[in-house]
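Chemist: Pasted the sequence and its predicted model underneath.
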Amino acid sequence: MAKIFVTRKIPEVGPELLQATGHEVVVSEKDNVLTKEELVAALGAAPYEAVLCLLTDKIDDEVLAAAPRVKIFANYAVGYDNIDLDAAKARGVLITNTPAVSTSQSVAEHALALLVAVGRRIVEADQFVRDGHYRGWDPMLFITPDLVGRTLGIIGAGRIGSRLAFHAARGFEMKVIYHDIRRNDELERTLDVKFETSVEAVLQAADYVSLHVNLDQSTRHLINRERLALLKPNAVLVNTSRGPVIDEAALVDALREKRLAGAGLDVFEFEPKLVPGLAALPNVVLTPHIASATEETRNDMAKMAAENILAVLAGQTPSNLVK
């Protein structure tokens, strides 16, 4: 039976599934992200054949070299921009991810929650009350636009973006437009969603914009200073995809200068660090990368990662092979 290393504590359903099939599972004792040096040392401490890693683990050629017997790095995440895919391919190491069905629901829910929280100024109003400023009903206090009838622009209409479109269109009666490198015919047919030919067209037309793209060289700083200038002054920008998709320094300037009404961010460009000035802005809602943090989703992800490992160790092709 194989030895398997898990880089950080995850829901027990994953390790238990691996152990139930007779494999030896070692979970890192550190309750924090392993440094590169710590990860290399841990992988070199035993003849591991599989690694269950997290999005916060940077898997480069040096890390891969530290575990020459490892057949698979099973990433506990939908994204895999933390892994050097070319280096893994060169060494014959398989990479998998965890695009669990429940992830689409949980992340879409969180994106919608951020959209509502920013659009209706929920966090600002909460702090207003807590600070003792509330003196009674005021007809001019925290007035915001309705969501009903407003236009939501979705950039990236995969599983998560499509689920958000469903909630927005059916639940809030919003008009939904989207841009993706591939048209989503089913989305257009079932929800009467309109396809836009460019990111710019979405930004110019939308009252709310939600980002749902993978991180690669084509999407890094997808929302830059020039594209931020295309947004309406009363627009709201939401990001639950990857932090570097937005040039956060440019975003801070736009928010500070009121060229944008607000933003809701669950991910950050230099995570976990915030760019200077971001946390001080009252028109931003910040959450600590928890969009997928529901019991159902995190359990499903753990189970899927374990199943990917079991398939490879059994000589089979895993269901969620990235490369």
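Modeler: Done, it's in.
Chemist: Show me how the record splits the protein into domains.
Modeler: 3-97+295-313, 102-286 (automatic domain parsing).
Chemist: would CSV of those with distance to Val322 and mean neighbour count be doable?
Modeler: Yep, even glycine has a C-beta here, placed from its N, CA and C like the rest. What follows is the domains of the chain, written out as CSV (distance: least, CB to CB, whole Å; neighbours: other CB atoms under 10 Å):
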stretch, distance to Val322, mean neighbour count
domain 3-97+295-313, 4, 19
domain 102-286, 11, 18
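Chemist: got JSON lines for those, with mean pLDDT and distance to Asn320 too?
Modeler: Formatted as JSON lines, the domains of the chain follow (pLDDT from 0 to 100; distance: least, CB to CB, whole Å):
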{"stretch": "domain 3-97+295-313", "mean pLDDT": "95", "distance to Asn320": "5"}
{"stretch": "domain 102-286", "mean pLDDT": "96", "distance to Asn320": "12"}
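Chemist: Looking at these, which is nearest to Ser319?
Modeler: Nearest to Ser319 among the domains of the chain is domain 3-97+295-313 (6.8 Å), distances taken as CB to CB.
Chemist: got the end-to-end distance for that closest one?
Modeler: 10 Å (CA to CA, to the nearest Å).
Chemist: How far does it sit from its chain's centre?
Modeler: 19 Å (CA atoms, centre = their mean, to the nearest Å).
Chemist: name the element the closest residue to Ala293 other than its chain neighbours belongs to?
Modeler: Distances taken as CB to CB, 6 or more residues apart in numbering place Ser106 nearest to Ala293, at 7.3 Å, with adjacent residues excluded. Using DSSP states H and E, Ser106 maps to helix 101-119.
Chemist: Same check on Tyr134?
Modeler: Going by DSSP H and E, Tyr134 is not in any helix or strand.
Chemist: Phe142 is in contact with that one, correct?
Modeler: No: at 10.5 Å, Tyr134 and Phe142 do not qualify as touching, with contact defined as CB atoms under 8 Å.
Chemist: overlap in contacts of these two?
Modeler: Shared contacts of Tyr134 and Phe142 (CB atoms under 8 Å, 6 or more residues apart in numbering): Phe128.
Chemist: if we can go back for a sec, what's the first helix or strand after the helix holding Ser106?
Modeler: Criterion used, DSSP H and E; the element after helix 101-119 is helix 122-130.
Chemist: from the chain's centre, how far out does that following helix sit?
Modeler: 26 Å.
Chemist: tell me the secondary structure for the nearest residue to Pro276 once chain neighbours are set aside?
Modeler: The shortest distance from Pro276 to any non-neighbouring residue, by CB to CB, 6+ apart, is to Val252 (7.5 Å). Val252 falls in the helix class when you classify it by DSSP: H, G, I helix; E, B strand; the rest coil.
Chemist: mind checking how far Val252 is from Ile59?
Modeler: 31 Å (CB to CB, to the nearest Å).
Chemist: Over to Asn224?
Modeler: 28 Å.
Chemist: Thr287 now?
Modeler: For Thr287 relative to Ile59 (CB to CB), the value is 26 Å.
Chemist: and if you look at Val129?
Modeler: Distance from Val129 to Ile59, by CB to CB: 45 Å.
Chemist: likewise Ile177?
Modeler: 37 Å.
Chemist: Looking at strand pairing, list the partners for Val209.
Modeler: Gly153, Leu237 (DSSP bridges).
Chemist: Run through the strands of the stretch 51-200 of the chain in chain order.
Modeler: 72-76, 94-96, 151-155, 175-179, 194-195 (DSSP state E, counting those that start in this stretch).
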